[in-house]
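[1] Here is a sequence with its predicted model. Questions after.
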Amino acid sequence: MELIASFSVDHTAIIPGIFVSRVDQLGDGLITTYDIRVTRPNREPAIDVAAMHSLEHIIATYLRNDPDWKDEVIYWGPMGCLTGFYLILKGNRKPQEIHSLLLNAFRSVEKADIVPGAQEKNCGNYLLHNLPMAKWYAAKFADYLAANADKPEIFEYPKTERLVTDDGQQFFDS
């Protein structure tokens, strides 16, 4: 079975940042999946589940209401490992081109007074929210993005090198 793109990333080397996970053809255009890594996998604790849920609601709302980007947004949601989010956009932009969008999205969490859609009729687990913790994670990540905007390593995915035989077979760690 072929290893999917997100599992080919060396998770021991990845740092917080904005990375291209994959680019796919969709009809006549391209869509790009971005890995928005908020914490260092296996080095920092995962994001608190309730805070992650609140971040998902607030940032999804922000992205889908941003006048310059709302028509480009296909999806915003958490990673199963709780170390970041996936953002899917129409087109194929470099991570640096969406840096200010994400910086502003995370800053919007800091200003939030409520979690949009956190009512029983709007959310499948409306009691699982933590706005104060979401604000803490958002401020930490936004400060990091602002302080490291000129560093290429927050935009370049570390890849796991695989041994490939002459006939194209790949060997994976067990």
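    It's in. Since the structure is predicted, the reported quantities are computational estimates derived from the model, not experimental observations.

[2] Enumerate the positions of the lengthiest helix in the chain that are buried.
    Counting by DSSP state H, the longest helix found in the chain is helix 131-147. By 16 or more other CB atoms under 10 Å, the buried positions in helix 131-147 come out as 131, 133-135, 137-138, 141-142, 144-145. Just so you know, the C-beta spots here come from the backbone N, C-alpha and C atoms, and that holds for glycine as well.

[3] tally of neighbours for residue 100?
    Residues lying near residue 100 (other CB atoms under 10 Å) number 12.

[4] follow-up on the earlier one: how distant is the longest helix of the chain from the center of its chain?
    14 Å (CA atoms, centre = their mean, to the nearest Å).

[5] hang on, the earlier thing: now the buried residues of helix 131-147 in CSV, with pLDDT and distance to residue 122?
    Listed next are the buried residues of helix 131-147 as CSV, based on pLDDT from 0 to 100; distance: CB to CB, whole Å:
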residue, pLDDT, distance to residue 122
131, 98, 15
133, 98, 20
134, 98, 17
135, 98, 21
137, 98, 22
138, 98, 21
141, 98, 25
142, 98, 26
144, 98, 31
145, 98, 29
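
[6] Can you tell me which of those lies closest to residue 103?
    residue 145 (4.9 Å; CB to CB).

[7] Could you check how far that closest one is from residue 18?
    Distance from residue 145 to residue 18, counting by CB to CB, to the nearest Å: 8 Å.

[8] Next: residue 158.
    Distance from residue 158 to residue 18, counting by CB to CB: 14 Å.

[9] Comparing those two, which residue is more hemmed in?
    The neighbour comparison of residue 158 against residue 18 (other CB under 10 Å) goes to residue 18, with 23 against 13.

[10] Look up the closest residue to the more buried one, ignoring the ones flanking it.
    residue 95 (4.1 Å; CB to CB, 6 or more residues apart in numbering).

[11] Done for today, thanks.
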